[in-house]
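> no sequence on this one, just coordinates:
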RNA sequence: GGGCGCGUAGCUCAAACGGAUAGAGCAUUGGAUUUCUAAUCCAACGGUUGCAGGUUCGAGUCCUGCCGCGCCUACCA
């Protein structure tokens, strides 16, 4: 409803401007929030109109105020120096709509959206960096679904890369394990932890003797031969680790619909099909000389940008740079179409295709542009009976339809920006401009360890690392905080509190509550930072349950619920039945005037969730929702402290206060659900 | 070298489109509960938004230069 009023107001002002000044070129109407609630609920800066209309902002504002006429849902419009229009919402109007949970219909664009996230190499345990990815991705899925969009969640599994080969080397060479011995190990709890340590040991082994890297190369080749014993072992390991990843993420209520694997991209000849199209369209060119002789290359994304109709005036500049470069490296006259600096090798001179090439093929499939499909097999059934499918070469006849989507979001960290751009440009160069436009790299920053945190974990730091402000997580070095470990710690820490607070509850109940709190803390922690920022991981912050944390917001819900429990009522039932009986006169009475500003702010903020969620989707930034949830919880806690509700003597006012609590509670629960957080019954 | 990003309170972070007095949390200090149980609330303290210019009614935000840091720049994935 807040969103609706905002749009209505913007539209009305825009219409007014166009009617009164039909020939003027005017900037769009921008709606902001005044710095203080006393000033109003919406603020429109008039300054941008001063110049085009050749008039003072205050004068224009005054004219608008006088001529705009009544707007439904708007109570008052004031002019404020030095040039704002401050607008007050009709408080009773909004509150009545909110109490009755009225939602004006929103437009939902057609077409399915694909969100790809997690994509953890299946060779070791998931760590905190993967948690950030999965939580961001899963929350974005929930945001889209809240907005009414249909979403498929895919988790791309690179099961044929060197990382898997390295662990295979560890089992077969370092540990001399047979296939059946490895199979036995895969059935042990937390097999991924075993691999974590082994992977780090293999990396050391490579460094100890360069000869050892030959083994890696042989193993890598053997994996690609699908009939070999090595391939079978690799599959055994990667599937077992993958299963562990699904279990870990399921602890956080993160699920997937489909797991496309790189092995099928190869075996089902996705790449061959893509390669043919890429060659035919000239996107890939064969190098006959120079550093990349014998490779199929593409122009590096983002460099020497091809002139389009919009920027013809810039056509000269890149060519000059190109000539300069060619001169510098002594290549003038050889006429490669792209300088070596700008070349991106897609197919190596030995004929094998790199990661980006496979990703291009995968993305052509995603948008239904490849003319091929995976085989599908059920792989994992979640406790809620939802099935997660995996790619195979043959597969089951009846399966859901994956691929051929309208939009695509890839949740991948910022280091892959260039590779992502290359995929996007390949789609564009193939003539699929629309698909390229609907390809979004949902980029986010790294999770790193503070030197203190690394020391706490017992890692020996080099002098170089000690001097750094933070240290990157490294699976290769076995350097990082494992996802399951962190979650275990959070649960244990929450459990200690719950045990002391609620000794009367059963241990199972206390564990359940602790788990909800741990998930709330972890998910909120990963979402409160804006996605581009680097998270300097610190146990003190991550394990905190106070201040700006998930449990703070969960606690607000618990408090709201406990008011109703104490009153012998169910909060939702109350809202369904009693809230409708709130008279317009009472709403007006209890919400009017500056004295009611604090309660009004509670209602106002409650009404903003849909607007905030729209903003999160438009900017691919879930942190706005985290901030909103915290703000709402904060307002509620202040309100809770200031107003005794059950002891309120005025019965009508008591009903109004209860309705206020019930509305905030409902909106908090909804917003938290979008973040994948549920509030426990007690805390 | 080139590309991208970052630099805001002691620490960790906010501040959509340039807008009203740059806000939170943590930490520190002082207070609040026989109550809908304090994982809470109130208050104090804390800032030349890296530096120097510029654009304009107005700059943490845009432009230029400099300083510092990170990532990418592999026939790795």
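That came through, no problem. Keep in mind it's a predicted model, so treat the numbers as computed, not measured.
> Most proximal residue of chain A with respect to RNA strand B?
residue A:547 (2.2 Å; CB to the nearest atom of the strand). (Glycine included, C-beta is placed from N, CA and C.)
> so that residue, which of the three states?
Under DSSP: H, G, I helix; E, B strand; the rest coil, the three-state class of residue A:547 is coil.
> Now for it, how many residues are close by?
Residues within reach of residue A:547, counting by other CB atoms under 10 Å, total 9.
> any idea how far it lies from residue A:562?
21 Å (CB to CB, to the nearest Å).
> Could you tell me how many residues sit around the residue nearest to residue A:513 when sequence neighbours are not counted?
Distances taken as CB to CB, 6 or more residues apart in numbering place residue A:680 nearest to residue A:513, at 4.2 Å, with adjacent residues excluded. The burial count assigned to residue A:680 is 22, neighbours taken as other CB under 10 Å.
> Residue A:190: neighbour count?
15.
> mind listing what it touches?
The contact partners of residue A:190, by CB atoms under 8 Å, 6 or more residues apart in numbering, come to A:125, A:244, A:484.
> In JSON lines: those, plus secondary structure and pLDDT.
Converted to JSON lines, the contacts of residue A:190 look like this (DSSP: H, G, I helix; E, B strand; the rest coil; pLDDT from 0 to 100):
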{"residue": "A:125", "secondary structure": "coil", "pLDDT": "95"}
{"residue": "A:244", "secondary structure": "helix", "pLDDT": "97"}
{"residue": "A:484", "secondary structure": "helix", "pLDDT": "96"}
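> Take those and write them to JSON lines, including distance to RNA strand B.
Output for the contacts of residue A:190, formatted as JSON lines (distance: CB to the nearest atom of the strand, whole Å):
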{"residue": "A:125", "distance to RNA strand B": "17"}
{"residue": "A:244", "distance to RNA strand B": "18"}
{"residue": "A:484", "distance to RNA strand B": "20"}
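> most surrounded residue in those?
Most surrounded of those: other CB under 10 Å gives residue A:125, at 26 neighbours.
> my guess is it meets residue A:244, correct?
Yes. Contact criterion CB atoms under 8 Å: residue A:125 and residue A:244 qualify, at 7.1 Å.
> Show me what from the stretch 1-150 of chain A comes close to RNA strand B.
Within the stretch 1-150 of chain A, the positions near RNA strand B by CB under 7 Å from any atom of the strand are A:30-36, A:39-40, A:43, A:45, A:47-48, A:50-51, A:80, A:82-84, A:86, A:121.
> Which ones among those residues lie within helices?
Counting by DSSP state H, the part of those found in helices is A:47, A:48, A:50, A:51.
> quick one: which of those is nearest residue A:272?
Closest approach to residue A:272 among those (CB to CB): residue A:48, at 55.3 Å.
> Count the residues that sit near that closest one.
16.
> Could you pull up the contacting residues of it?
Taking CB under 8 Å, 6+ apart, one finds A:27, A:30 in contact with residue A:48.
> where does it sit relative to residue A:388, distance-wise?
Distance of residue A:48 to residue A:388, computed by CB to CB: 51 Å.
> go on, residue A:234?
Taking CB to CB, one finds residue A:234 at 21 Å from residue A:388.
> Would you mind naming what in the stretch 401-550 of chain A lies close to RNA strand B?
Going by CB under 7 Å from any atom of the strand, the residues of the stretch 401-550 of chain A near RNA strand B are A:414-419, A:446, A:468-469, A:472, A:494, A:497-498, A:501-502, A:513, A:517, A:528-530, A:532-536, A:538, A:540-541, A:544-549.
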